[in-house]
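> Everything below, folded, please.
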Amino acid sequence: TPVVLDWLAAYDERVRVIHREENGGEGPCRATGMQAVRGEWMLALDADDLIVQGSLSELASFLETTKADVVLSSHYRYDVPSKVARKVTLTKVGETLESGPFDPNKYRDTLFSRAGSGIANKVFRIAHIREHKVTFQDVERIGDVHFTLAALATARLVEFVDIPHYYYRVRLSTSLTHKGVKYPLSFAQACYGLQDYLTQAGLWETWRTGFLNWVVALLPYNLSMMESYEACRMLASELYERGFERMEFGKLEPDECVHPRRLSVCRSLYEDGPDEGLYTLMRLNRTDFEDKEMAYWKVRRDLTKARGDMKSRNARIRELESQVSQKDDELHDVWQSASMRIGRAITSAPRTLRDKLLAKRTPSAGASESEVPGPAQDAMPMASRQGDGHAPLVSMIVPLTVGVADARRCIASLLAQDFKDLEVVVSCADETAA
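Below you'll find the model as predicted:
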């Protein structure tokens, strides 16, 4: 990997590579990069995620005008096994965010939960980060939690923009998100670090409810993602024995919580211990599964109905297409009939005289010949319109080798164009086509 990175840096002057002497994990690597950046804004890209092609130019145009310290953006959540990408904006929690830059304190009880603690959908003004000494925590797996939420809490203005620039890939076997069993206490450590930062900055009382709402939202998920009961119980025991007390969880009133179902898991864990808490989590997960299963079968039912409706519509379309084709054939037979040929022959001389008389009609004052309305303009041969020797701007060659109905539609589509400087040259393949 170092050799490839050095080659990239030599190939593209926008790339700078910093070699650390030892592997410190995700947090220290991000911190080293943060110290070296020279731009005005900072985005982060995990090594297993992707940037949406062409999105940075559009995002940069927005960043040049905004006054916000942190910008929240939409992003794509890409499920690797199914290869399905779903656009994500903001979590639907609490009141609707106002448009334009806003004071984050106005939404302090819900902003952490709504914006999320991941770094994927956010852009940070570097001057603001350095002013408030916001750093990446040396915690495995979720080192961006402290950085993201501390930046939001200290921002003067925050703004949301619907410019998805990030593909966040999920259910990826090599992702750190799937390694909770190896670092079961990372979530607790991230909570403690953020609490300490808010306390030192004098913001703990202001943001405590929002912080606890975020804990309630993320704790059941972090417990559920553990790959062993031992790891799951280790985190549950840590929070029961000292974590909840340290974070003043008891001060979160039920009416202040925006996640009442998940609050039941945290309350059970806080009041009754790890075993009861994990049992409540199991029941919640089973209920969630039943709800999702019910939703799945509802979607399957709607899909079956939609397919039936589509089948009926397709059958009707085929029936109408058959009728149109039949009418085309009947019309073709009429044009090719002996009576039609005799009639055209009988009326040939009068029609020719009519066309000559109409062609000699004097244009009205102030109007050019090409602007004269009426049958004469439509009946005149193309050569007579260009009789003054003027060469057309566009010559359209039509090789007529198709059926009568298709040919008629083709020529009609050309003559319907509101474009006078046109010559249509029709080359007939045989007498039948003519």
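
> Any stretches of the stretch 1-150 of the chain with poor pLDDT?
91-99 (pLDDT under 70).

> hmm, try it at 80
Of all residues in the stretch 1-150 of the chain, those with pLDDT under 80 make up the ranges 23-25, 89-100, 140-141.

> Have a look at this structure and report its longest helix.
Secondary structure of the chain per DSSP state H: the longest helix is helix 274-336.

> Mind giving me the packing neighbours of that helix?
Using 3 or more CB pairs under 8 Å, 6 or more residues apart in numbering; DSSP states H and E as the contact test, the elements touching helix 274-336 are helix 204-224, helix 229-238, helix 260-272, helix 404-415. (Glycine included, C-beta is placed from N, CA and C.)

> That one: what's the following helix or strand?
helix 338-346 (DSSP states H and E).

> what sits up against that next one?
With contacts defined as CB atoms under 8 Å, 6 or more residues apart in numbering, helix 338-346 is touched by residue 334.

> any idea of the mean pLDDT for that helix?
For helix 338-346, mean pLDDT rounds to 76.

> Now that helix: buried residues?
Within helix 338-346, not a single residue qualifies as buried, counting by 16 or more other CB atoms under 10 Å.

> Tell me which of the helices and strands packed on helix 274-336 sits most buried.
Counting by mean count of other CB atoms under 10 Å, helix 204-224 has the highest mean neighbour count of the helices and strands packed on helix 274-336, with a mean of 21.

> follow-up on the earlier one: how far off helix 338-346 does the longest helix of the chain point, in degrees?
Computed with axes from the mean of the first three to the mean of the last three CA atoms, to 10 degrees, the direction of helix 274-336 lies at 60 degrees from that of helix 338-346.

> Thought residue 68 was touching residue 159, still the case?
Yes. With contact defined as CB atoms under 8 Å, residue 159 reaches residue 68; the gap is 3.9 Å.

> Show me whatever sits in contact with both of these two.
Both residue 159 and residue 68 are contacted by residue 101, under the criterion CB under 8 Å, 6+ apart.

> what about dumping the CA coordinates of stretch 162-173 to CSV?
These are the backbone C-alpha positions of stretch 162-173, laid out as CSV (Å, rounded to 0.1, in the frame of the first residue of the first chain):
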residue,chain,number,x,y,z
ASP,A,162,-29.2,18.2,-0.6
ILE,A,163,-26.1,17.4,-2.6
PRO,A,164,-25.3,13.7,-2.1
HIS,A,165,-21.5,13.3,-2.5
TYR,A,166,-20.8,10.1,-0.5
TYR,A,167,-21.5,6.4,-1.0
TYR,A,168,-21.6,4.9,2.5
ARG,A,169,-21.2,1.1,1.9
VAL,A,170,-22.9,-1.1,4.5
ARG,A,171,-22.8,-4.9,5.2
LEU,A,172,-19.2,-5.0,4.0
SER,A,173,-17.4,-7.9,5.7
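
> Please identify the buried residues of that stretch?
Those would be 163-169, 172, for stretch 162-173 by 16+ other CB under 10 Å.
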